[in-house]
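[1] this one's structure only:
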C-alpha cells in the first residue's frame with residue numbers, strides 16, 4: 001500500500017512538473033508570464049473557449065466513462081495553453097482514477113504553425129521511438145511502448161494520448177479517446 005501511495009505521489013508530482021514546463025516552455029517565469037498574458041493566438045481561439053483546449057475536450061465525464069470510475073483532475077487542467085510560437089501552442093489535460101491513482105488518462109495537443117511542421121515532428125518522433133502503426137482511426141497514428149502512448153497527426157496538430165498505468169497501457173481507452181476528440185480538432 002505504501003508503494004502505491006509513493007507511486008501516486010510521484011505521478012502527481014511528475015504531472016505537475018511536466019505541466020509547469022509545458023506551461024512555461026522552458027522560459028524564465030517572467031517571460032512565461034508575459035507569454036501567458038498574450039494567451040493563445042486569435043486564429044486558434046474560439047469565442048467563449050476554455051483557456052485550456054485539451055481540458056475542454058477531455059472532460060471529467062468522458063474520463064470517468066473511459067476509465068470506468070470516479071476520476072481526479074490534474075492541476076494542469078486549469079493551466080493556460082502554452083504559446084510556443086506565433087501560431088503554435090501546447091495544451092494538456094489528464095485525470096487519475098480515484099480508486100487507483102496509478103491509472104491515468106491524458107491528452108496532449110501540440111499545435112504547430114503549419115501542417116508540414118507538425119508532420120515533420122510527428123515523423124521524427126515515430127522514427128526515433130520505432131513506433132508501431134495503428135490503423136482504423138482515420139488519421140496517421142502510431143503507438144509506442146516506452147513510454148506507452150498513442151500518437152496521432154491531424155492537420156497542424158500532433159496529438160499524444162495516454163491511458164492505463166506506467167506498466168500497462170489501456171489501448172482501448174486510448175483509441176476511444178482518440179475517436180471522441182479527433183472530430184473536434186481542426
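    Right, received. Where do you want to start? A quick note: this is a predicted structure, and the numbers were derived from the prediction, not measured.
[2] Is residue 108 bridged to anything, and to what?
    residue 92, residue 160 (DSSP bridges).
[3] likewise residue 72?
    residue 96.
[4] Would you mind measuring from it to residue 130?
    Distance, residue 72 to residue 130, using CB to CB, to the nearest Å: 33 Å. Just so you know, the C-beta spots here come from the backbone N, C-alpha and C atoms, and that holds for glycine as well.
[5] element containing residue 152, please.
    Taking DSSP states H and E as the criterion, residue 152 maps to strand 148-154.
[6] What is the least confident helix or strand in this protein?
    helix 29-38 (a mean of 34; mean pLDDT, DSSP states H and E).
[7] Tell me the confidence at the residue sitting nearest the centre point of the chain?
    The C-alpha lying nearest the average C-alpha coordinate of the chain belongs to residue 108 (CA atoms, centre = their mean; 1.6 Å). The model reports residue 108 with a pLDDT of 97.
[8] what does residue 174 give?
    97.
[9] Let's verify it: helix, strand, or coil?
    helix (DSSP: H, G, I helix; E, B strand; the rest coil).
[10] so how far is the strand holding residue 152 off the chain centroid?
    10 Å (CA atoms, centre = their mean, to the nearest Å).
[11] Residue 72 and residue 130: which is more packed in?
    Each of residue 72 and residue 130 has its neighbours counted (other CB atoms under 10 Å); residue 72 has more, 15 against 9.
[12] wait, what's in contact with that one?
    95, 96, 97, 98, 101 (CB atoms under 8 Å, 6 or more residues apart in numbering).
[13] May I see the PyMOL selection of the buried members of these?
    Filtering the contacts of residue 72 down to the buried ones (16 or more other CB atoms under 10 Å) takes a single PyMOL command:
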select buried, resi 95+96+97+101
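[14] Could you dump the contacts of residue 72 into TSV and include pLDDT and distance to residue 156?
    Shown next, in TSV, are the contacts of residue 72 (pLDDT from 0 to 100; distance: CB to CB, whole Å):
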residue	pLDDT	distance to residue 156
95	97	26
96	97	30
97	96	32
98	96	35
101	93	34
